[in-house]
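S.K.: sharing a model prediction with you, sequence too.
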Amino acid sequence: MPFLGESIEETVQKILAGDRRTSGRLITRLEDGDDWGKEIMKRLFPRTGRSMTLGLTGAGGSGKSSLLNHLIERFRKMGKTVGVIAVDPSSPFSGGAFLGDRIRIQHHTRDDKVYIRSMASRGYLGGLARATTEALRVMEAMGFDVVMVETLGAGQDEIDVIRLVQTCLLVITPGMGDEIQALKAGIMEIGDIFVLNKSDLDGSIQVLRSIEATLSLKPGQEGEWKPKVISTVATSGEGIDDLMEGIMAHQDYLHNNDAMERAAFQRVEQELGLIFRDELERVIFKGLKGTGKKRRYIRSIIDGKSDPYTVIEEILETFLKER
Amino acid sequence: MEKRIVKKGIRVLLARLGLDAHWRGSIVVAHALRDAGMEVIYIGNQMPKEIVETAIQEDVDIIGLSSLSGNHMILAPEVVKRLREKGTQEIPVVLGGTVPPDDIPILKEAGISGIFGPGSSLKEIIQFISALGKK
(Lines give C-alpha, C1' and ligand atoms only; values in the text may rest on other atoms or scores of the structure.)
Protein backbone atom coordinates (compact mmCIF):
# COMPACT_ATOMS: atom_id res chain seq x y z
CA MET A 1 0.00 0.00 0.00
CA PRO A 2 1.57 3.27 -1.02
CA PHE A 3 2.47 6.01 1.35
CA LEU A 4 0.04 8.93 1.30
CA GLY A 5 -0.69 7.89 -2.27
CA GLU A 6 2.91 8.35 -3.37
CA SER A 7 5.48 6.12 -5.00
CA ILE A 8 8.56 4.93 -3.12
CA GLU A 9 10.68 7.35 -5.08
CA GLU A 10 8.49 10.35 -4.23
CA THR A 11 8.54 9.40 -0.56
CA VAL A 12 12.32 9.04 -0.58
CA GLN A 13 12.73 12.45 -2.20
CA LYS A 14 10.44 14.08 0.35
CA ILE A 15 12.40 12.62 3.22
CA LEU A 16 15.71 13.70 1.75
CA ALA A 17 14.19 17.18 1.46
CA GLY A 18 13.37 17.02 5.18
CA ASP A 19 9.57 16.78 4.92
CA ARG A 20 8.33 16.28 8.46
CA ARG A 21 4.95 14.80 7.70
CA THR A 22 6.41 12.09 5.49
CA SER A 23 9.24 11.33 7.90
CA GLY A 24 6.84 11.12 10.83
CA ARG A 25 4.73 8.66 8.89
CA LEU A 26 7.72 6.59 7.86
CA ILE A 27 8.94 6.26 11.45
CA THR A 28 5.50 5.02 12.51
CA ARG A 29 5.56 2.46 9.71
CA LEU A 30 9.02 1.32 10.80
CA GLU A 31 7.81 0.99 14.38
CA ASP A 32 5.01 -1.24 13.12
CA GLY A 33 7.50 -3.33 11.14
CA ASP A 34 6.00 -2.60 7.75
CA ASP A 35 7.52 -3.82 4.47
CA TRP A 36 6.96 -0.57 2.64
CA GLY A 37 9.07 1.18 5.28
CA LYS A 38 11.83 -1.31 4.66
CA GLU A 39 11.87 -0.60 0.92
CA ILE A 40 12.23 3.11 1.66
CA MET A 41 15.05 2.45 4.14
CA LYS A 42 16.97 0.61 1.43
CA ARG A 43 16.94 3.77 -0.69
CA LEU A 44 17.67 6.11 2.20
CA PHE A 45 20.56 4.14 3.60
CA PRO A 46 23.27 5.51 1.28
CA ARG A 47 22.35 9.01 2.47
CA THR A 48 22.86 8.23 6.15
CA GLY A 49 25.84 8.21 8.48
CA ARG A 50 26.85 11.84 8.05
CA SER A 51 25.38 13.39 11.19
CA MET A 52 26.99 13.90 14.54
CA THR A 53 25.22 11.41 16.82
CA LEU A 54 24.94 11.69 20.58
CA GLY A 55 23.27 9.46 23.14
CA LEU A 56 22.03 10.30 26.61
CA THR A 57 21.40 7.50 29.02
CA GLY A 58 21.04 7.14 32.80
CA ALA A 59 18.45 6.38 35.45
CA GLY A 60 14.93 7.77 35.29
CA GLY A 61 14.82 11.19 36.92
CA SER A 62 18.53 11.85 36.56
CA GLY A 63 17.87 14.84 34.30
CA LYS A 64 18.44 13.48 30.79
CA SER A 65 15.62 15.47 29.19
CA SER A 66 16.59 18.69 30.95
CA LEU A 67 20.21 18.30 29.82
CA LEU A 68 18.98 17.50 26.34
CA ASN A 69 17.13 20.79 26.37
CA HIS A 70 20.38 22.69 27.02
CA LEU A 71 22.25 20.73 24.37
CA ILE A 72 19.61 21.48 21.72
CA GLU A 73 19.92 25.16 22.59
CA ARG A 74 23.73 25.12 22.34
CA PHE A 75 23.79 23.31 19.02
CA ARG A 76 21.18 25.70 17.65
CA LYS A 77 23.32 28.65 18.72
CA MET A 78 26.16 27.10 16.74
CA GLY A 79 23.81 27.13 13.74
CA LYS A 80 23.37 23.34 13.64
CA THR A 81 20.09 21.64 12.83
CA VAL A 82 19.01 19.10 15.42
CA GLY A 83 17.00 15.87 15.38
CA VAL A 84 15.94 14.23 18.64
CA ILE A 85 14.61 10.76 19.46
CA ALA A 86 13.26 10.37 22.99
CA VAL A 87 12.42 6.86 24.19
CA ASP A 88 10.13 6.10 27.10
CA PRO A 89 8.91 2.70 28.33
CA SER A 90 5.77 0.90 27.20
CA SER A 91 3.63 -0.69 29.86
CA PRO A 92 4.30 -4.43 30.03
CA PHE A 93 0.64 -4.89 30.98
CA SER A 94 -1.42 -2.71 28.65
CA GLY A 95 1.18 -2.04 25.93
CA GLY A 96 0.36 1.65 26.30
CA ALA A 97 2.86 4.37 27.10
CA PHE A 98 3.06 7.81 28.61
CA LEU A 99 5.63 9.69 26.56
CA GLY A 100 6.68 12.61 28.73
CA ASP A 101 10.20 13.50 27.58
CA ARG A 102 8.99 15.90 24.96
CA ILE A 103 7.39 18.28 27.44
CA ARG A 104 10.87 19.32 28.68
CA ILE A 105 12.04 20.23 25.21
CA GLN A 106 8.69 21.23 23.74
CA HIS A 107 9.50 24.92 23.27
CA HIS A 108 11.95 23.90 20.53
CA THR A 109 8.89 22.92 18.49
CA ARG A 110 8.70 26.59 17.56
CA ASP A 111 12.10 26.24 15.91
CA ASP A 112 11.79 24.77 12.41
CA LYS A 113 15.37 23.50 12.52
CA VAL A 114 14.56 21.10 15.35
CA TYR A 115 12.65 17.84 14.86
CA ILE A 116 11.59 15.72 17.81
CA ARG A 117 10.12 12.22 17.84
CA SER A 118 8.96 10.35 20.93
CA MET A 119 9.05 6.56 20.86
CA ALA A 120 7.64 3.91 23.16
CA SER A 121 9.98 0.99 23.84
CA ARG A 122 7.25 -1.59 23.04
CA GLY A 123 8.89 -4.24 25.14
CA TYR A 124 12.26 -3.93 23.46
CA LEU A 125 15.12 -4.30 25.92
CA GLY A 126 18.39 -2.43 25.89
CA GLY A 127 17.04 1.05 26.66
CA LEU A 128 15.88 1.83 23.13
CA ALA A 129 12.78 1.11 21.09
CA ARG A 130 12.86 -1.52 18.36
CA ALA A 131 12.87 1.07 15.61
CA THR A 132 15.19 3.62 17.25
CA THR A 133 18.07 2.54 15.04
CA GLU A 134 15.91 3.11 11.97
CA ALA A 135 14.50 6.42 13.21
CA LEU A 136 18.08 7.63 13.70
CA ARG A 137 18.85 6.66 10.09
CA VAL A 138 15.76 8.54 8.90
CA MET A 139 16.87 11.71 10.71
CA GLU A 140 20.34 11.38 9.22
CA ALA A 141 18.80 11.07 5.78
CA MET A 142 16.73 14.19 6.50
CA GLY A 143 20.08 15.93 6.81
CA PHE A 144 20.23 16.98 10.45
CA ASP A 145 23.70 18.10 11.55
CA VAL A 146 23.22 16.60 14.99
CA VAL A 147 20.96 13.73 16.03
CA MET A 148 20.51 12.99 19.73
CA VAL A 149 18.95 9.88 21.26
CA GLU A 150 17.61 9.87 24.80
CA THR A 151 17.15 6.34 26.16
CA LEU A 152 14.45 5.40 28.59
CA GLY A 153 15.45 5.52 32.26
CA ALA A 154 18.23 2.96 32.23
CA GLY A 155 19.22 0.63 35.03
CA GLN A 156 22.44 -1.34 34.88
CA ASP A 157 22.28 -3.07 31.54
CA GLU A 158 20.44 -0.82 29.08
CA ILE A 159 23.48 -0.15 27.01
CA ASP A 160 22.55 -0.62 23.35
CA VAL A 161 22.84 3.11 22.80
CA ILE A 162 26.63 2.99 23.04
CA ARG A 163 26.98 1.23 19.70
CA LEU A 164 24.29 3.32 18.06
CA VAL A 165 25.86 6.74 18.60
CA GLN A 166 29.31 8.28 18.31
CA THR A 167 29.39 10.03 21.67
CA CYS A 168 27.59 8.56 24.66
CA LEU A 169 26.74 10.60 27.76
CA LEU A 170 25.95 8.71 30.94
CA VAL A 171 23.97 10.85 33.35
CA ILE A 172 24.32 10.09 37.06
CA THR A 173 23.27 11.90 40.19
CA PRO A 174 24.44 11.96 43.81
CA GLY A 175 22.87 9.42 46.13
CA MET A 176 22.93 6.46 43.76
CA GLY A 177 25.10 4.14 45.79
CA ASP A 178 28.68 3.76 46.88
CA GLU A 179 31.89 2.90 45.07
CA ILE A 180 30.80 -0.72 44.71
CA GLN A 181 28.11 0.46 42.28
CA ALA A 182 30.73 2.36 40.36
CA LEU A 183 32.74 -0.83 39.93
CA LYS A 184 29.98 -2.93 38.43
CA ALA A 185 30.04 -3.96 34.81
CA GLY A 186 27.57 -2.63 32.30
CA ILE A 187 26.35 0.90 32.39
CA MET A 188 29.42 2.37 34.12
CA GLU A 189 31.51 1.21 31.20
CA ILE A 190 29.58 2.90 28.44
CA GLY A 191 30.05 6.59 29.06
CA ASP A 192 32.41 8.54 26.86
CA ILE A 193 31.42 11.36 29.15
CA PHE A 194 30.00 10.96 32.64
CA VAL A 195 27.65 13.77 33.52
CA LEU A 196 27.21 14.22 37.25
CA ASN A 197 23.95 16.11 37.20
CA LYS A 198 22.27 17.72 40.24
CA SER A 199 25.81 18.36 41.42
CA ASP A 200 24.52 21.01 43.80
CA LEU A 201 23.10 18.22 45.98
CA ASP A 202 24.81 16.81 49.07
CA GLY A 203 27.30 14.05 48.47
CA SER A 204 28.18 15.07 44.92
CA ILE A 205 31.90 15.47 45.73
CA GLN A 206 32.03 11.90 47.04
CA VAL A 207 30.32 10.55 43.93
CA LEU A 208 32.64 12.57 41.72
CA ARG A 209 35.68 11.15 43.51
CA SER A 210 34.45 7.57 43.35
CA ILE A 211 33.73 7.75 39.61
CA GLU A 212 37.10 9.34 38.96
CA ALA A 213 38.75 6.66 41.08
CA THR A 214 36.96 3.90 39.16
CA LEU A 215 37.88 5.41 35.83
CA SER A 216 41.51 5.77 36.84
CA LEU A 217 41.65 2.01 37.48
CA LYS A 218 40.99 1.34 33.82
CA PRO A 219 44.31 0.83 32.09
CA GLY A 220 44.06 3.25 29.20
CA GLN A 221 45.99 2.56 25.98
CA GLU A 222 48.23 5.30 24.70
CA GLY A 223 46.16 7.76 22.67
CA GLU A 224 42.87 6.16 23.72
CA TRP A 225 39.95 8.34 24.87
CA LYS A 226 39.81 8.77 28.63
CA PRO A 227 36.21 9.24 29.79
CA LYS A 228 35.62 12.63 31.35
CA VAL A 229 33.48 13.41 34.36
CA ILE A 230 31.59 16.69 34.14
CA SER A 231 29.45 18.21 36.91
CA THR A 232 26.25 19.96 35.88
CA VAL A 233 23.07 21.42 37.33
CA ALA A 234 20.56 21.14 34.48
CA THR A 235 17.96 23.32 36.20
CA SER A 236 20.30 26.32 36.38
CA GLY A 237 22.48 25.59 33.37
CA GLU A 238 25.64 25.30 35.44
CA GLY A 239 28.35 23.19 33.80
CA ILE A 240 26.72 23.09 30.37
CA ASP A 241 29.68 24.97 28.85
CA ASP A 242 32.00 22.28 30.19
CA LEU A 243 29.69 19.58 28.88
CA MET A 244 29.69 21.06 25.37
CA GLU A 245 33.47 21.31 25.51
CA GLY A 246 33.66 17.66 26.56
CA ILE A 247 31.37 16.58 23.70
CA MET A 248 33.43 18.51 21.18
CA ALA A 249 36.67 17.07 22.59
CA HIS A 250 35.31 13.56 22.14
CA GLN A 251 34.18 14.32 18.60
CA ASP A 252 37.66 15.70 17.81
CA TYR A 253 39.18 12.56 19.24
CA LEU A 254 36.93 10.41 17.02
CA HIS A 255 37.78 12.40 13.91
CA ASN A 256 41.52 12.42 14.54
CA ASN A 257 41.78 8.68 15.03
CA ASP A 258 40.41 5.66 13.28
CA ALA A 259 37.86 5.70 16.10
CA MET A 260 35.13 7.04 13.83
CA GLU A 261 35.65 4.09 11.52
CA ARG A 262 35.47 1.73 14.50
CA ALA A 263 32.29 3.40 15.77
CA ALA A 264 30.67 3.05 12.33
CA PHE A 265 31.69 -0.60 12.19
CA GLN A 266 30.23 -1.38 15.61
CA ARG A 267 27.04 0.43 14.76
CA VAL A 268 26.45 -1.48 11.55
CA GLU A 269 27.38 -4.74 13.27
CA GLN A 270 24.72 -4.14 15.93
CA GLU A 271 22.23 -3.02 13.29
CA LEU A 272 22.78 -6.16 11.24
CA GLY A 273 22.23 -8.34 14.29
CA LEU A 274 19.01 -6.53 15.17
CA ILE A 275 17.53 -6.60 11.69
CA PHE A 276 18.58 -10.22 11.20
CA ARG A 277 16.98 -11.44 14.44
CA ASP A 278 13.88 -9.45 13.72
CA GLU A 279 13.44 -10.69 10.17
CA LEU A 280 14.27 -14.29 11.08
CA GLU A 281 11.71 -14.33 13.86
CA ARG A 282 9.13 -12.74 11.61
CA VAL A 283 9.70 -15.07 8.68
CA ILE A 284 9.77 -18.21 10.79
CA PHE A 285 6.81 -17.43 13.00
CA LYS A 286 4.82 -16.24 10.00
CA GLY A 287 4.49 -19.88 8.96
CA LEU A 288 2.99 -20.71 12.34
CA LYS A 289 0.45 -17.91 12.34
CA GLY A 290 -3.17 -18.98 12.37
CA THR A 291 -2.25 -22.68 12.32
CA GLY A 292 -2.63 -23.10 16.06
CA LYS A 293 0.80 -24.72 16.05
CA LYS A 294 2.39 -22.13 18.30
CA ARG A 295 -0.34 -22.74 20.86
CA ARG A 296 0.16 -26.49 20.69
CA TYR A 297 3.90 -26.11 21.11
CA ILE A 298 3.44 -23.95 24.19
CA ARG A 299 0.90 -26.39 25.59
CA SER A 300 3.24 -29.33 25.06
CA ILE A 301 5.99 -27.52 26.95
CA ILE A 302 3.70 -26.68 29.88
CA ASP A 303 2.41 -30.26 29.98
CA GLY A 304 5.95 -31.53 30.19
CA LYS A 305 5.72 -33.41 26.88
CA SER A 306 8.37 -31.27 25.29
CA ASP A 307 10.79 -28.48 26.10
CA PRO A 308 11.69 -25.15 24.47
CA TYR A 309 14.92 -26.50 22.94
CA THR A 310 13.22 -29.42 21.20
CA VAL A 311 10.39 -27.19 20.02
CA ILE A 312 12.73 -24.63 18.48
CA GLU A 313 14.74 -27.39 16.80
CA GLU A 314 11.53 -28.75 15.30
CA ILE A 315 10.35 -25.34 14.10
CA LEU A 316 13.72 -24.63 12.49
CA GLU A 317 13.89 -28.05 10.83
CA THR A 318 10.42 -27.69 9.33
CA PHE A 319 11.27 -24.21 8.15
CA LEU A 320 14.49 -25.28 6.46
CA LYS A 321 12.85 -28.28 4.82
CA GLU A 322 10.08 -26.13 3.40
CA ARG A 323 12.58 -23.77 1.84
CA MET B 1 6.08 -8.72 -1.93
CA GLU B 2 4.02 -9.20 1.17
CA LYS B 3 2.64 -5.99 2.61
CA ARG B 4 1.78 -5.85 6.26
CA ILE B 5 -0.13 -2.83 7.38
CA VAL B 6 -0.91 -3.38 11.01
CA LYS B 7 -2.02 -0.47 13.10
CA LYS B 8 -0.34 -1.08 16.43
CA GLY B 9 -0.27 1.46 19.25
CA ILE B 10 -2.70 4.31 18.68
CA ARG B 11 -0.72 7.52 19.17
CA VAL B 12 -2.54 10.33 20.95
CA LEU B 13 -1.28 13.86 21.49
CA LEU B 14 -2.63 15.45 24.67
CA ALA B 15 -2.30 19.16 25.28
CA ARG B 16 -3.80 21.72 27.58
CA LEU B 17 -5.07 24.61 25.54
CA GLY B 18 -3.26 27.89 25.91
CA LEU B 19 -2.48 28.94 29.45
CA ASP B 20 -5.05 26.73 31.16
CA ALA B 21 -3.64 25.72 34.54
CA HIS B 22 -6.09 22.89 35.25
CA TRP B 23 -3.92 19.82 34.84
CA ARG B 24 -5.73 17.05 36.67
CA GLY B 25 -8.30 16.20 34.03
CA SER B 26 -5.72 15.83 31.28
CA ILE B 27 -3.50 13.64 33.46
CA VAL B 28 -6.40 11.37 34.43
CA VAL B 29 -7.29 10.95 30.76
CA ALA B 30 -3.63 10.37 29.82
CA HIS B 31 -3.40 7.54 32.34
CA ALA B 32 -6.66 5.99 31.21
CA LEU B 33 -5.56 6.03 27.56
CA ARG B 34 -2.20 4.56 28.47
CA ASP B 35 -3.89 1.78 30.42
CA ALA B 36 -6.07 1.16 27.39
CA GLY B 37 -2.91 0.41 25.39
CA MET B 38 -2.40 3.74 23.63
CA GLU B 39 0.80 5.75 23.33
CA VAL B 40 0.18 9.16 24.83
CA ILE B 41 2.43 12.10 24.07
CA TYR B 42 1.77 14.63 26.80
CA ILE B 43 2.98 18.16 26.12
CA GLY B 44 1.25 20.27 28.76
CA ASN B 45 0.25 23.86 27.94
CA GLN B 46 0.51 24.68 24.26
CA MET B 47 -0.80 27.08 21.66
CA PRO B 48 -2.46 25.79 18.44
CA LYS B 49 0.61 26.35 16.27
CA GLU B 50 2.84 24.17 18.45
CA ILE B 51 0.11 21.57 18.89
CA VAL B 52 -0.21 21.10 15.13
CA GLU B 53 3.55 21.04 14.52
CA THR B 54 3.95 18.44 17.29
CA ALA B 55 1.13 16.33 15.85
CA ILE B 56 2.99 16.25 12.52
CA GLN B 57 6.41 15.45 14.00
CA GLU B 58 4.98 12.73 16.22
CA ASP B 59 2.63 11.37 13.54
CA VAL B 60 -0.26 11.06 15.96
CA ASP B 61 -3.63 9.50 15.14
CA ILE B 62 -5.62 11.87 17.34
CA ILE B 63 -5.23 15.21 19.08
CA GLY B 64 -6.83 15.58 22.50
CA LEU B 65 -7.30 19.08 23.92
CA SER B 66 -8.12 19.98 27.48
CA SER B 67 -9.72 23.29 28.38
CA LEU B 68 -11.37 24.38 31.60
CA SER B 69 -10.86 28.08 31.35
CA GLY B 70 -13.27 29.11 28.62
CA ASN B 71 -10.65 29.56 25.91
CA HIS B 72 -11.99 26.64 23.87
CA MET B 73 -14.20 28.70 21.53
CA ILE B 74 -11.17 30.48 20.10
CA LEU B 75 -8.29 28.06 20.46
CA ALA B 76 -9.91 24.70 19.61
CA PRO B 77 -11.19 25.81 16.17
CA GLU B 78 -7.78 27.41 15.64
CA VAL B 79 -6.17 23.95 15.95
CA VAL B 80 -8.50 22.56 13.28
CA LYS B 81 -7.83 25.55 11.04
CA ARG B 82 -4.08 25.11 11.28
CA LEU B 83 -4.36 21.38 10.59
CA ARG B 84 -6.17 22.26 7.37
CA GLU B 85 -3.55 24.83 6.46
CA LYS B 86 -0.88 22.17 6.82
CA GLY B 87 -2.87 19.65 4.81
CA THR B 88 -3.19 17.32 7.78
CA GLN B 89 -6.91 17.71 8.39
CA GLU B 90 -7.33 13.93 8.60
CA ILE B 91 -6.06 14.05 12.19
CA PRO B 92 -9.21 14.27 14.33
CA VAL B 93 -9.40 16.71 17.23
CA VAL B 94 -11.21 15.84 20.47
CA LEU B 95 -11.94 18.34 23.21
CA GLY B 96 -12.51 17.74 26.91
CA GLY B 97 -13.30 20.09 29.76
CA THR B 98 -15.90 22.60 30.78
CA VAL B 99 -17.75 23.20 27.54
CA PRO B 100 -21.21 24.80 27.89
CA PRO B 101 -23.88 22.83 25.94
CA ASP B 102 -24.59 25.84 23.73
CA ASP B 103 -21.01 25.81 22.44
CA ILE B 104 -21.10 22.18 21.31
CA PRO B 105 -22.87 22.62 17.95
CA ILE B 106 -20.60 25.55 17.08
CA LEU B 107 -17.47 23.53 17.89
CA LYS B 108 -18.73 20.53 15.91
CA GLU B 109 -19.43 22.84 13.03
CA ALA B 110 -15.85 24.10 13.32
CA GLY B 111 -14.55 20.53 12.90
CA ILE B 112 -14.07 19.21 16.44
CA SER B 113 -14.81 15.46 16.24
CA GLY B 114 -15.78 14.80 19.83
CA ILE B 115 -16.55 16.88 22.90
CA PHE B 116 -16.48 15.55 26.44
CA GLY B 117 -17.91 17.87 29.04
CA PRO B 118 -18.15 17.48 32.82
CA GLY B 119 -19.50 14.10 33.88
CA SER B 120 -18.13 12.22 30.85
CA SER B 121 -16.92 8.75 31.79
CA LEU B 122 -13.40 7.57 31.02
CA LYS B 123 -14.95 4.53 29.40
CA GLU B 124 -16.77 6.57 26.77
CA ILE B 125 -13.67 8.69 26.12
CA ILE B 126 -11.56 5.57 25.58
CA GLN B 127 -14.16 3.99 23.31
CA PHE B 128 -14.52 7.12 21.24
CA ILE B 129 -10.78 7.64 20.84
CA SER B 130 -9.96 4.03 20.04
CA ALA B 131 -12.72 3.96 17.41
CA LEU B 132 -11.26 7.11 15.83
CA GLY B 133 -7.69 5.79 16.02
CA LYS B 134 -8.47 2.53 14.28
CA LYS B 135 -9.74 4.27 11.20
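M.R.: The structure has been received and is ready for your questions.
S.K.: bridged to A:Gly83, which residues?
M.R.: A:Tyr115, A:Val147 (DSSP bridges).
S.K.: check contacts around it.
M.R.: A:51, A:114-117, A:139-140, A:142, A:144, A:146-148 (Cβ atoms under 8 Å, 6 or more residues apart in numbering or on different chains). All C-beta spots, glycine's among them, are computed from the backbone N, C-alpha and C.
S.K.: isn't A:Asp111 right next to A:Arg76, touching?
M.R.: Yes: assessed by Cβ atoms under 8 Å, A:Asp111 is found in contact with A:Arg76 at 6.5 Å.
S.K.: what about stretch A:139-158, distance to the chain center?
M.R.: In terms of Cα atoms, centre = their mean, to the nearest Å, the centre of stretch A:139-158 is set 4 Å apart from its chain centre.
S.K.: in stretch A:103-111, what's buried?
M.R.: Neighbour counts using 16 or more other Cβ atoms under 10 Å in any protein chain shown place A:103-106, A:108-109 of stretch A:103-111 among the buried residues.
S.K.: could you list which of the residues you listed also contact chain B?
M.R.: With respect to chain B, and counting by Cβ under 8 Å from any Cβ of the partner chain, the subset of these in contact is A:103, A:106, A:109.
S.K.: show me the domain layout of chain A.
M.R.: Domain assignment for chain A by automatic domain parsing gives A:1-47, A:49-257, A:272-322.
S.K.: where's A:Glu224 relative to B:His31, distance?
M.R.: 47 Å (Cβ to Cβ, to the nearest Å).
S.K.: which residues of chain A lie near chain B?
M.R.: Residues of chain A lying near chain B (Cβ under 8 Å from any Cβ): A:1, A:20-21, A:24-25, A:27-28, A:31-36, A:39, A:90-91, A:93-100, A:102-103, A:106, A:109-110, A:115-118, A:120, A:122.
S.K.: show the buried residues in those residues.
M.R.: A:20-21, A:24-25, A:27-28, A:31-34, A:36, A:39, A:90-91, A:95-100, A:102-103, A:106, A:109, A:115-118, A:120, A:122.
S.K.: the residues you listed in strands, which ones?
M.R.: A:97-99, A:115-118, A:120 (DSSP state E).
S.K.: need the max-distance pair from the residues you listed.
M.R.: A:Phe98 and A:Tyr115 (21.5 Å; Cβ to Cβ).
S.K.: what's the helix or strand for A:Asp252?
M.R.: helix A:240-256 (DSSP states H and E).
S.K.: next: B:Ala55.
M.R.: helix B:48-57.
S.K.: which strands or helices does the next helix or strand after that helix pack on?
M.R.: Following helix B:48-57 in sequence order, the next helix or strand is strand B:62-67 (DSSP H and E). In terms of contacts (3 or more Cβ pairs under 8 Å, 6 or more residues apart in numbering or on different chains; DSSP states H and E), strand B:62-67 is packed against strand B:11-17, helix B:24-35, helix B:48-57, helix B:72-85, strand B:93-97, helix B:122-133.
S.K.: rerun at 7 Å
M.R.: Under the contact definition 3 or more Cβ pairs under 7 Å, 6 or more residues apart in numbering or on different chains; DSSP states H and E, strand B:62-67 sits against strand B:11-17, helix B:24-35, helix B:72-85, strand B:93-97, helix B:122-133.
S.K.: contacts for that strand, please.
M.R.: B:12-17, B:20, B:25-26, B:29, B:51, B:55, B:76, B:79, B:91-97, B:129, B:132-133 (Cβ atoms under 7 Å, 6 or more residues apart in numbering or on different chains).
S.K.: with stretch B:96-104 instead?
M.R.: Against stretch B:96-104 from outside (Cβ under 7 Å, 6+ apart): B:25, B:29, B:64, B:66-68, B:72-73, B:115-118, B:120.
S.K.: any of those buried? List them.
M.R.: So, by 16+ other Cβ under 10 Å, the buried ones in those are B:25, B:29, B:64, B:66-68, B:72, B:115-116, B:120.
S.K.: longest helix anywhere in chain A?
M.R.: Across chain A, the longest stretch assigned as helix under DSSP state H is helix A:259-286.
S.K.: need the contacts of stretch B:96-104 in a markdown table (columns: pLDDT).
M.R.: Listed next are the contacts of stretch B:96-104 as a markdown table, based on pLDDT from 0 to 100:
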| residue | pLDDT |
| --- | --- |
| B:Gly25 | 88 |
| B:Val29 | 94 |
| B:Gly64 | 96 |
| B:Ser66 | 95 |
| B:Ser67 | 93 |
| B:Leu68 | 91 |
| B:His72 | 92 |
| B:Met73 | 92 |
| B:Ile115 | 95 |
| B:Phe116 | 95 |
| B:Gly117 | 90 |
| B:Pro118 | 90 |
| B:Ser120 | 91 |
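S.K.: isn't A:Ala59 up against A:Leu152?
M.R.: No: contact criterion Cβ atoms under 7 Å: A:Ala59 and A:Leu152 do not qualify, at 10.2 Å.
S.K.: ok, those two, which is more surrounded?
M.R.: A:Leu152 (24 against 18; other Cβ atoms under 10 Å in any protein chain shown).
S.K.: elements contacting the helix or strand where A:Ile230 lies?
M.R.: Using DSSP H and E, A:Ile230 maps to strand A:228-231. With contacts taken as 3+ Cβ pairs under 7 Å, 6+ apart, strand A:228-231 sits against strand A:193-196, helix A:204-217, helix A:240-256.
S.K.: what strand or helix carries A:Phe319?
M.R.: Using DSSP H and E, A:Phe319 falls in helix A:308-322.
S.K.: now do that helix: distance to the chain's middle.
M.R.: 33 Å.
S.K.: list the contacts of A:Lys228.
M.R.: Here A:Lys228 is in contact with A:193-194, A:246 (Cβ under 7 Å, 6+ apart).
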